[in-house]
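[1] The sequence isn't on hand, but the structure is:
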């Protein structure tokens with residue numbers, strides 16, 4: 001099947017995945033869709049979220065006609081991959097916290113998992129840790145505030161260093177331990193790699209920051225080959241609540257101004 005790669009997220013976090021896809025496939029045609037009207041997903045009830053995610057992705061697939069859908073959102077992936085695969089005819093690639101590569105990299109066997117509250121509490125996340133990092137200590141930090149900081153930063157405002165520092169206080173404490181200090185951090189939300197430079201500047205010790213972008217790009221390449229070329233055109237963008245800040249962020253990553261996505265009434269509440 002020919003067509004672009006459709007990247008879906010609740011907000012602008014999926015732009016970190018778009019950047020990884022462009023590193024691997026510079027000429028590939030990309031399309032971006034987000035459900036920013038319901039941001040942040042991590043604070044919504046699960047059943048309502050599944051209905052919403054499926055409805056939004058169906059609308060985005062109809063608008064974009066992609067070869068593959070990348071669900072560039074950890075919360076959506078842990079909840080809705082199977083319903084999405086049942087509802088759509090295109091392949092669906094999900095996003096999971098990069099526990100496995102982080103465990104392979106860590107020398108101290110102490111990892112940090114930086115994610116939203118929803119991802120931290122999911123049984124799926126615990127199973128990943130048990131499977132791939134059973135011999136590691138894992139300090140889990142729910143940092144929902146970083147989602148807002150990433151959204152605001154791509155909208156044109158500098159990240160608030162004091163707010164970031166406060167949100168990551170327990171992570172910094174683990175990095176300062178004398179015995180087996182934390183040395184590797186899993187960025188378990190696609191918004192967070194957008195803030196890596198700010199997080200690294202605040203860290204009390206050098207840390208390795210690991211995200212899922214490259215693994216997602218490799219999986220897309222396995223599923224769709226060759227990828228449709230963009231022809232040098234900006235990728236189309238879609239959103240449930242288009243606005244100027246979102247247009248600013250999308251333009252910075254090579255996408256056009258977001259067009260509105262119309263959802264069925266049942267998925268709007």
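    Ah, there it is. These figures come from a predicted structure and were not determined experimentally.

[2] contacting residues for residue 257?
    237, 242, 247, 250, 251 (Cβ atoms under 8 Å, 6 or more residues apart in numbering). To be clear about C-beta, it is placed using only N, CA and C from the backbone, and glycine gets the same treatment.

[3] Could you rerun that using 6 Å?
    Shown in contact with residue 257 (Cβ atoms under 6 Å, 6 or more residues apart in numbering): residue 247.

[4] does it count as helix, strand or coil?
    Secondary structure, DSSP: H, G, I helix; E, B strand; the rest coil: residue 257 is strand.

[5] Please tell me how far it sits from residue 21.
    Distance of residue 257 to residue 21, computed by Cβ to Cβ, to the nearest Å: 20 Å.

[6] Tell me if residue 57 really is in a helix.
    Yes: the assignment for residue 57 (three-state DSSP) places it in a helix.

[7] Any buried residues in stretch 229-246, and which?
    Judged by neighbour count using 16 or more other Cβ atoms under 10 Å, the buried positions of stretch 229-246 are 230, 235, 236, 237, 238, 239, 240, 242, 246.

[8] ditto for stretch 200-213
    Buried residues in stretch 200-213 (16+ other Cβ under 10 Å): 203, 207, 208, 209, 210, 211, 212, 213.

[9] any weak-confidence spans in the stretch 151-269 of the chain?
    Counting by pLDDT under 70, the low-confidence segments of the stretch 151-269 of the chain come to 265-269.

[10] Strands of that one, residue ranges please.
    Counting by DSSP state E, counting those that start in this stretch, one finds strands in the stretch 151-269 of the chain at the ranges 184-187, 208-210, 235-239, 255-260.

[11] What of the stretch 1-150 of the chain?
    5-9, 30-34, 68-71, 92-93, 110-115, 137-142.

[12] To residue 130, which of the ones you listed lies closest?
    Residue 130 lies closest, by Cβ to Cβ, to one member of the strands of the stretch 1-150 of the chain: strand 137-142, at 9.9 Å.

[13] That closest one - contacts with which helices or strands?
    Under the contact definition 3 or more Cβ pairs under 6 Å, 6 or more residues apart in numbering; DSSP states H and E, strand 137-142 sits against strand 110-115, helix 117-121, helix 169-175.
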